[in-house]
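Peer 1: sequence and computational prediction follow.
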Amino acid sequence: MKTNFPRLIAPVFLATAVFSFAADTRAQAPSASSLRSTQTVVEQSDGRAQSVIDKAENYFNLGELNLKDNKLEAARADYDRAVDSILDSGMDVRANPRLRTYYLELVERIYRREVPIQQTQPAATTNTTLVAQNNARTTSDAINPQPLPAPQIGFRQQKFEPSPLDELSKLELTSKEQQVTPEATAELEQAKSAVDFGFRSNTLIQQFINYYQGRGRATMETGLRRSGRYMRMARKIFREEGVPEDIAWLGQVESAWRPTAYSSAAASGLWQFIPSTGARFGLRQTAWVDERNSFEKATRASARYLKWLALRYNGNWELAMGAYNTGEGNIDRAISRAGSSDFWRIYPYIAQETRNYVPNILATILIAKNPEKFGFRVTQRDTPIESTYDVVRVPNATSLQFIADAADTSVDYLRSLNPELRRDATPRGEAYNVRVPAGKSKQFVALLNRVPAGNRESARAIRVNPNENLQSVAARTGTSVAQLQVWNGGADATADGRVIVPGNSVRRAGMIYERRTAGQPSAANGSNLVRVRASAGDTIAKIAARHNASADEVARLNNIAANAPLQAGQEITVPSRASVAPSSRRRR
């Protein structure tokens, strides 16, 4: 990536933007005779902020014109200048609400142009619980950016998945689902004793249980399976933050346990933070990272927000969850109108989305606590995310493609381990903790240490044959022996079967040494993945073993449990590196 946007100061701004200010910007009032000609400090600040905004917007508009003409590099440079003009202005972005709002919206607009949202519809089996859009969660004095357009021309191909909130908020319960028997009510009352926080029973909770026992069964079963990937981590963080662990099931309602879930109103991640609320709880949003998509950081921010809300409502978790969805300002107004701080009493005074949201979460928790009791059978849950990766601290910008090469994986799988990364590299100007497949950290670090710091953003690691030397590698990559020695830090570049080369020389190397053999599966659109067809009796684990790939990695790529039976002829995606040279890879 050639851009320098934003510089190191940008993450500092956003990481500390908690939107609480104690400074009084009001100046002592001048005499009446001078009011007509003398601007107050506030007016002067607003005028200066408007000037900064106008300058940034001019650069942004130039970028729009270049993007329209398909001049992507020029557009990127203009977008960078738009943000830099704010950071170079000398104004405190945090202290000026108007400039703060504009800055956050500008970063989001630029990002959505660089990484366009995938306009695909969610499959019926990938949606989880019926909920409202969690896009209005903000206090009355917080920023609430409007939904931003997502052009289909972009600089990057990071994938986003539609949030289940958008579709499921439109779902209406049928008359059959609304029927609640006395027996079901008694069972619900008994089941709630197993939940680690108190709440009042209501027939709506049982109605949503009815929904999941019928037409929503696949949705619930998919969510229960996926929860295995994140629930252990979420429970630990919620416990550390003093939040009831069972409330972590809110993640199933919010995102279907997808870190890349993105709603129509710019809410993102497992816990569906909009930009302003994410920044308010310490989640950085820069051109390089969006911590709303991080596993641990967004989970901790969610727990802290929920705890803050619970304290606001004297420990009432139903009100806290409702405010998480619609914003505490709306809940406060409903309490005032109802004259009560009981969720079921304020129910008529809140939005329909939030009316469904809370009972839906409670239904999900009750089912998740005892699936068999409610007729659900979950044979296997996904592998906990924390057991699938090692963490390596990389200095400055390092290419994801190089990391994938060095760790024997694909860029797609790296992105699934590091969903907060917005670019094809780790952030410039700072060290960064990147996740690599478990057991691959030492191998990756050994190769990383070879590469001079200035070359890590464009380096690639290629395999060499046992009989090759630097001369033959240089010949087939269009480089020189001297250049290869520089790129490999003077190391014996062929000792471990890998050579670090400039990224622009890989295509030629691949043409010679990575040519498909007869009968080998074809690459999917020239990516790092290939598609193979399952045979009768196959599972993800069996296919992964045949291609010397990680079963967890293949399961994640296909969103199918490792031991789930596959249909004959079903297409399965596997890392192409595994299929190209299975004998050269050690099974993870």
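Peer 2: All right, it came through fine.

Peer 1: quick one: V180 from Q352, how far?
Peer 2: As judged by Cβ to Cβ, to the nearest Å, V180 and Q352 stand 20 Å apart. Placement of C-beta: from N, CA and C, glycine included.

Peer 1: I meant to write L366 there.
Peer 2: Look at L366 and Q352: by Cβ to Cβ, they are 22 Å apart.

Peer 1: who has more neighbours, V180 and Q352?
Peer 2: A side-by-side neighbour count of V180 and Q352, using other Cβ atoms under 10 Å, places V180 first with 17 against 10.

Peer 1: got the phi and psi for the more buried one?
Peer 2: phi -130, psi 120 (degrees, to the nearest 10).

Peer 1: kindly report the same for E386.
Peer 2: Main-chain dihedrals, E386, degrees, to the nearest 10: phi -70, psi -20.

Peer 1: what do you get for the one 5 residues further on?
Peer 2: The main-chain torsion angles of V391 are listed as degrees, to the nearest 10 and equal phi -110, psi 130.

Peer 1: return the residues in contact with N293.
Peer 2: Applying Cβ atoms under 8 Å, 6 or more residues apart in numbering, we find N293 in contact with 259-260, 268-270, 419-420.

Peer 1: by neighbour count, which of those wins?
Peer 2: Among these, the one with the most neighbours (other Cβ under 10 Å) is G269, at 30 neighbours.

Peer 1: quick one, helices of the stretch 101-250 of the chain?
Peer 2: All helices of the stretch 101-250 of the chain, identified by DSSP state H, counting those that start in this stretch, fall at 164-168, 182-191, 203-213, 217-240, 250-255.

Peer 1: got it, and the stretch 451-588 of the chain?
Peer 2: Counting by DSSP H, counting those that start in this stretch, residue ranges of the helices within the stretch 451-588 of the chain are 470-477, 481-487, 506-513, 540-546, 551-558, 576-580.

Peer 1: by mean pLDDT, show me the worst of those.
Peer 2: With a mean of 43, helix 506-513 has the lowest mean pLDDT of the helices of the stretch 451-588 of the chain.

Peer 1: for stretch 400-419, how far is the first residue from the last?
Peer 2: For stretch 400-419, the first-to-last residue distance is 12 Å (Cα to Cα, to the nearest Å).

Peer 1: related to what we said a few turns ago, which of the contacts of N293 fall within strands?
Peer 2: Of these, none are assigned to strands by DSSP state E.

Peer 1: which two among those residues are spaced furthest apart?
Peer 2: The largest separation in these, counting by Cβ to Cβ, is between L270 and E420 at 10.9 Å.

Peer 1: hey, what's in contact with both of those two?
Peer 2: Common neighbours of L270 and E420 (Cβ under 8 Å, 6+ apart) are 259, 293.

Peer 1: name the helix or strand of this structure that has the lowest mean pLDDT.
Peer 2: One helix or strand of the chain scores below all others by mean pLDDT, DSSP states H and E: helix 9-15, with a mean of 38.

Peer 1: now for the very next helix or strand once past it, which elements pack on it?
Peer 2: Counting by DSSP states H and E, the next helix or strand C-terminal to helix 9-15 is helix 41-68. In terms of contact count using 3 or more Cβ pairs under 8 Å, 6 or more residues apart in numbering; DSSP states H and E, helix 41-68 is assigned the packing partners helix 72-87, helix 97-114.

Peer 1: among the ones you listed, which comes closest to H547?
Peer 2: When these are compared for distance to H547 using Cβ to Cβ, the nearest one is helix 97-114, at 33.2 Å.

Peer 1: so where do the strands sit in the stretch 351-500 of the chain?
Peer 2: 389-394, 432-437, 459-463, 498-502 (DSSP state E, counting those that start in this stretch).

Peer 1: what residues does the first one touch?
Peer 2: In other words, strand 389-394. Strand 389-394 has contacts (Cβ under 8 Å, 6+ apart) with 403, 417, 426, 431-441, 444-445, 448, 456.

Peer 1: and if we set it to 7 Å?
Peer 2: 417, 426, 431-438, 440-441, 444-445, 448 (Cβ atoms under 7 Å, 6 or more residues apart in numbering).

Peer 1: strands paired with it, and their directions?
Peer 2: In the sheet, strand 389-394 lines up against strand 432-437 (antiparallel) (DSSP bridges).

Peer 1: tell me the spatial nearest neighbour of F343, not counting adjacent residues.
Peer 2: Closest residue in space to F343, ignoring its immediate chain neighbours: E318 at 3.8 Å, by Cβ to Cβ, 6 or more residues apart in numbering.

Peer 1: tell me what the one helix or strand the one you found maps to is packed against?
Peer 2: Element membership for E318, per DSSP H and E: helix 317-326. If contacts are counted by 3 or more Cβ pairs under 7 Å, 6 or more residues apart in numbering; DSSP states H and E, helix 317-326 sits against helix 296-312, helix 328-338, helix 343-346, helix 352-369.

Peer 1: and the third one, what's buried?
Peer 2: What it means is helix 343-346. 343-344, 346 (16 or more other Cβ atoms under 10 Å).

Peer 1: out of these, the closest to G47 would be?
Peer 2: I346 (42.6 Å).

Peer 1: would you enumerate the residues in contact with that closest one?
Peer 2: Neighbouring residues of I346 by Cβ under 7 Å, 6+ apart: 334-335, 338, 340.

Peer 1: low-confidence stretches in the stretch 201-350 of the chain?
Peer 2: Residue ranges of the stretch 201-350 of the chain with pLDDT under 70: 265.

Peer 1: can you check the stretch 351-500 of the chain too?
Peer 2: 379, 491-495.
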